[in-house]
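In: Sharing a model that was predicted from the sequence below.
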Amino acid sequence: MSDVEWNKGREYVAITDHTPYYDWEMKLHRDDRVLFLSHYDQFWGYGKHVSSGRKAYFLKCLVHDPQLPPLSREQIKQAILQTHNAEYFDAYNNYWIHHLMLSDAPRTLAYKDAILTAARAGLLEGKIVLDIGCGSGILSAFCALAGAKHGEILYSEKD
């Protein structure tokens with residue numbers, strides 16, 4: 001949907017249903033109308049749900065300009081897939097996602113336990129560890145605590 005011209009005050013039409021995960025997201029049913037108010041970023045817009053009057057953020061890939069020709073099922077599928085994939089990977093460029101993952105104690109401790117189990121089996125002592133997509137580096141830190149000789153981390157940032 002990158003070729004869509006986003007105009008403040010223009011109404012767009014939902015191309016599919018969307019049940020929000022967060023309370024700041026707009027709930028949409030196919031053919032709902034959204035009054036575009038502003039951009040948040042390349043994926044998200046801020047608008048007003050015409051029938052409910054609720055203002056919220058919405059994924060731009062989920063709405064279409066009714067003045068343009070209708071989208072095919074394949075175009076809809078590709079728009080949703082492309083935006084969700086980009087949004088997913090873009091999230092890792094934000095500190096909040098790392099905070100969220102580190103705050104998930106069962107998840108973090110499960111990784112730690114797995115690394116310590118590998119260490120007890122003699123798989124880490126004196127080894128060099130390569131942590132690809134290291135994020136916060138917590139897994140490398142666990143490996144170092146478990147006896148790894150050295151750690152190399154690779155992390156890609158936007159710009």
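Out: The structure has been received and is ready for your questions.

In: hey, what's the nearest residue to Trp24 once chain neighbours are set aside bridged with?
Out: Residue nearest to Trp24 in three dimensions, not counting chain neighbours: Tyr57, with 5.5 Å by C-beta to C-beta, 6 or more residues apart in numbering. C-beta here means a position set from N, CA and C on the backbone, and glycine is covered the same way. Counting by DSSP bridges, Tyr57 is bridged to Glu25, Tyr46.

In: got the residue ranges for the strands in this structure?
Out: Residue ranges of the strands in the chain, as given by DSSP state E, are 11-14, 33-39, 44-49, 55-59, 63-64, 128-132, 150-154.

In: Highest mean neighbour count out of those?
Out: strand 63-64 (a mean of 24; mean count of other C-beta atoms under 10 Å).

In: Sheet-wise, list the partners of it with their directions.
Out: Sheet pairing for strand 63-64, using DSSP bridges, gives strand 11-14 (antiparallel).

In: wait, doesn't Tyr12 sit right on Asp31?
Out: No: with contact defined as C-beta atoms under 8 Å, Tyr12 does not reach Asp31; the gap is 11.1 Å.

In: Arrange the strands of the chain in JSON lines, one row each, with mean pLDDT as further columns.
Out: Listed next are the strands of the chain as JSON lines, based on pLDDT from 0 to 100:
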{"stretch": "strand 11-14", "mean pLDDT": "95"}
{"stretch": "strand 33-39", "mean pLDDT": "96"}
{"stretch": "strand 44-49", "mean pLDDT": "95"}
{"stretch": "strand 55-59", "mean pLDDT": "93"}
{"stretch": "strand 63-64", "mean pLDDT": "90"}
{"stretch": "strand 128-132", "mean pLDDT": "90"}
{"stretch": "strand 150-154", "mean pLDDT": "83"}
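
In: All set, thanks.
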